[in-house]
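Engineer: Here's my sequence, what's the structure:
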Amino acid sequence: MIGASSALLRLAHTGYILAREGVFSIIEPPADLPTGPRIALAFIKLFERKNASARNKGERLSAALNRLGPSYVKMGQFLATRPDLVGPELAQALTALQDRVPAFSMKEAKKAVADALGKKVEILFESFSEPIAAASIAQVHKASFIDADGERQHVAVKILRPNIAQRFQDDLASFYLAARLIEAVHVPSRRLKPVGVVDTLAQSIRLEMDLRLEAAAMSEMAENCASDDDFRVPAIHWSKSEKTVMTMEWIDGIKLNDIEALKASGHDLSALGRTVIQSFLRHALRDGFFHADMHPGNLFLGNDGKLVAVDFGIMGRLGMKEQRFLAEILYGFIKRDYRRVSMVHFEAGYVPSSQDVDTFAQALRSIGEPIHGRDSAEISMAGLLQQLFEFTELFGMATRTELILLQKTMVVAEGVARMLDDSLNLWNTSEPVVKSWMEKNLGPVAKAREMAEGLTVLGTLSAQLPEMARRAERLSNSFDEMGRDGLRLDARTVAAIGQAEARRGRSGRLALWVIAIALAAIAIRIWS
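Structural biologist: Here you go, the predicted model:
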């Protein structure tokens, strides 16, 4: 009860801050919103600052969420990946949200490193700078040390904020309360699973709170792209990494958001744009594991000419079914085979079988046909996927969070590529990667491989058939005996059941006493 009251108070404070910054004025209420909530929304808008309307949506959201703290900044960034929940326009505004907060002190940073790694910073590192970047969950320092081979290693040291885990836990209670209230008062929203959305956010935050997992993600992607000649991942120094501290290779290069520096470097920006798109598609299709936060601040052009990604706190995974789904819909739209794209949706189970394949193909045609005959610079893959997901409610498609994350990442990757070369032909750039995947996984070679795997499974199953037959015979005999003589329990089984019931009775009475004493203690504490 106390926890619920605390969450309710925090939620009320959140509503007040959002109202003051004019966030409610940028939300269009649903046409079917009942009169009561509509009046309440109009009342809330009375708390808005006088100058709030002078700012755009992104500025209002940034001001409100930054005032509310790190948990809300993270929630805003997460909702930017869910245009199905907040709408494309609001999601776009949220993508501009900057995760920048004041750095914590050097004293706290050094203590965090010493607590995590068991030695003082001065022993572990030859140099250790002031924070060079600070975000809601962690901050980064530049450092160096001499390794076992006598080589000087320049590294980035990422450190979690002190007490950040408890703050997120408190705010998550408010998020869960808000999600349950939304589901209770707005039945249509249940299809989008607001509580499930908070579950996903909570899981994402738990993963980000353990930097060993981020290090593992970097290590896995480094293995996946070891043979790629245009993309790489910084190396992890495992001996100087723990749950709250991660040490990785320092990257000397140019951030992709520094266009002037990129131009001055003399590199081919169009080729770099192609690398952004093709590397993302390779990771998603070939590996089923992709960097899901590919904004230009997380991408560098390394001194070796390769694209380098950092900040692996948010990753996306696709199973074979999702990989095939992505490849086939992109290839189907390229080839204008809308019925095949429709069939892929039904085969994957994304559209209920109660819907009509041809009607869904007709809807897909309304998306695909307008892109043909237009200049390539006007065609957006991400826009195509976004329109596709807009049909989810019309055709009763359940929300697929892994595909929403994929679509969001494609939007960001496409934006980076367009920034580097606004005339980049995204379809021509994507086709080699998609076509290669199709040939490898759906072509004749793939069919032969599947047949060989099937024969192997069949051979294993054949070897087990005699034992399976014996087990089936014993089971059949047992059922015959039960049908003839009834179910019999021996004396030891009966005695064991009696003892278990006795223990259950004692445990139940003990539990009631514990609950009663606890409630009494709470009451005494409240009234004293």
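Engineer: can you give me the strands for this protein?
Structural biologist: 127-134, 138-146, 152-160, 231-232, 245-249, 253-255, 289-291, 299-302, 307-309, 315-317 (DSSP state E).
Engineer: So for stretch 277-285, mean pLDDT?
Structural biologist: What stretch 277-285 shows for mean pLDDT is 93.
Engineer: ditto for stretch 118-125
Structural biologist: What stretch 118-125 shows for mean pLDDT is 96.
Engineer: Ok, stretch 255-266 next?
Structural biologist: Regarding stretch 255-266, the rounded mean pLDDT is 90.
Engineer: Would you mind measuring the gap between the ends of that stretch?
Structural biologist: Using CA to CA, to the nearest Å, one end of stretch 255-266 lies 15 Å from the other.
Engineer: same check, this time on stretch 290-300
Structural biologist: 16 Å.
Engineer: go on, stretch 422-429?
Structural biologist: Chord length of stretch 422-429, first to last residue, is 13 Å (CA to CA).
Engineer: Also stretch 42-55?
Structural biologist: End-to-end span of stretch 42-55 (CA to CA): 20 Å.
Engineer: Buried residues, it. List them.
Structural biologist: Neighbour-count burial for stretch 42-55, counted by 16 or more other CB atoms under 10 Å, picks out 44, 47-48, 52, 55. (Glycine included, C-beta is placed from N, CA and C.)
Engineer: Can you tell me which of the strands of the chain is nearest to residue 185?
Structural biologist: The closest of those to residue 185 is strand 315-317. By CB to CB, the value is 31.9 Å.
Engineer: circling back to that earlier point, the buried residues of stretch 42-55 into JSON lines, with extra columns for distance to residue 118?
Structural biologist: What follows is the buried residues of stretch 42-55, written out as JSON lines (distance: CB to CB, whole Å):
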{"residue": "44", "distance to residue 118": "51"}
{"residue": "47", "distance to residue 118": "50"}
{"residue": "48", "distance to residue 118": "52"}
{"residue": "52", "distance to residue 118": "50"}
{"residue": "55", "distance to residue 118": "48"}
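Engineer: Residues contacting stretch 108-124, please?
Structural biologist: Residues outside stretch 108-124 that contact it (CB atoms under 8 Å, 6 or more residues apart in numbering): 128, 131, 139, 141, 145, 157, 159-160, 162, 240, 242-245.
Engineer: Widest-spaced pair of those residues?
Structural biologist: Of all pairs in the contacts of stretch 108-124, the most separated under CB to CB is 145 and 162 at 23.5 Å.
Engineer: out of the two, which sits in the busier spot?
Structural biologist: Applying other CB atoms under 10 Å to residue 145 and residue 162 shows that residue 145 carries more neighbours, namely 19 against 16.
Engineer: and that one, how far is that from residue 269?
Structural biologist: Residue 145 is 35 Å from residue 269, where distance means CB to CB, to the nearest Å.
Engineer: that older thread, now the buried members of the contacts of stretch 108-124.
Structural biologist: Applying 16+ other CB under 10 Å to those, the neighbour count classes 128, 131, 139, 141, 145, 157, 159-160, 162, 240, 242, 244-245 as buried.
Engineer: okay if I get the residues you listed as a markdown table plus pLDDT and distance to residue 184?
Structural biologist: Putting those into a markdown table (pLDDT from 0 to 100; distance: CB to CB, whole Å) gives the following:
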| residue | pLDDT | distance to residue 184 |
| --- | --- | --- |
| 128 | 97 | 51 |
| 131 | 95 | 43 |
| 139 | 93 | 39 |
| 141 | 97 | 46 |
| 145 | 97 | 55 |
| 157 | 97 | 45 |
| 159 | 96 | 40 |
| 160 | 94 | 35 |
| 162 | 89 | 36 |
| 240 | 97 | 48 |
| 242 | 96 | 42 |
| 244 | 95 | 38 |
| 245 | 97 | 42 |
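Engineer: min pLDDT across the buried residues of stretch 42-55, which one?
Structural biologist: Of all the buried residues of stretch 42-55, residue 52 has the smallest pLDDT value, namely 68.
Engineer: Surely residue 25 touches residue 45?
Structural biologist: Yes - with contact defined as CB atoms under 8 Å, residue 25 and residue 45 form a contacting pair (5.8 Å).
Engineer: Could you single out the nearest of the buried ones among the contacts of stretch 108-124 to residue 295?
Structural biologist: Closest to residue 295, out of all of the buried ones among the contacts of stretch 108-124 and judged by CB to CB, is residue 139, at 18.1 Å.
Engineer: Can you give me every residue that contacts that closest one?
Structural biologist: By CB under 8 Å, 6+ apart, residue 139 lies in contact with 103-104, 109, 131, 133, 158-159, 161.
Engineer: List the contacts of the closest residue to residue 19 other than its chain neighbours.
Structural biologist: In space, not counting the residues next to it along the chain, residue 19 is nearest to residue 47; the distance is 4.1 Å by CB to CB, 6 or more residues apart in numbering. Residues counted as contacts of residue 47 (CB under 8 Å, 6+ apart) are 16, 19-20.
Engineer: where along the stretch 251-400 of the chain do the helices fall?
Structural biologist: 259-265, 269-281, 320-335, 338-347, 357-368, 381-390 (DSSP state H, counting those that start in this stretch).
Engineer: quick one, which of those helices is packed in tightest?
Structural biologist: Mean neighbour count (mean count of other CB atoms under 10 Å) peaks for helix 269-281 among those, with a mean of 22.
Engineer: Run through who's touching that helix.
Structural biologist: Helix 269-281 has contacts (CB under 8 Å, 6+ apart) with 225, 228, 230-231, 256, 262-263, 290-291, 294, 299, 301, 307, 409-410, 413-414, 416-421, 423-424, 426, 429-430, 432-434.
Engineer: Next: stretch 216-227.
Structural biologist: Identification of contacts with stretch 216-227 by CB under 8 Å, 6+ apart yields 231-236, 248, 279, 282-283, 286-287, 289, 291, 309, 312, 315.
Engineer: Show me which of the residues you listed are buried.
Structural biologist: For these, a neighbour count by 16+ other CB under 10 Å gives the buried set as 231-234, 236, 248, 279, 282-283, 286-287, 289, 291, 309, 312, 315.
Engineer: which intervals of the stretch 251-400 of the chain have sub-threshold pLDDT?
Structural biologist: For the stretch 251-400 of the chain, the stretches with pLDDT under 70 are 371-390, 392-393, 398-400.
Engineer: Equivalent analysis for the stretch 51-200 of the chain, please.
Structural biologist: Low-confidence segments of the stretch 51-200 of the chain (pLDDT under 70): 52-54, 57-58, 81-89, 92-93, 95-100, 191-192.
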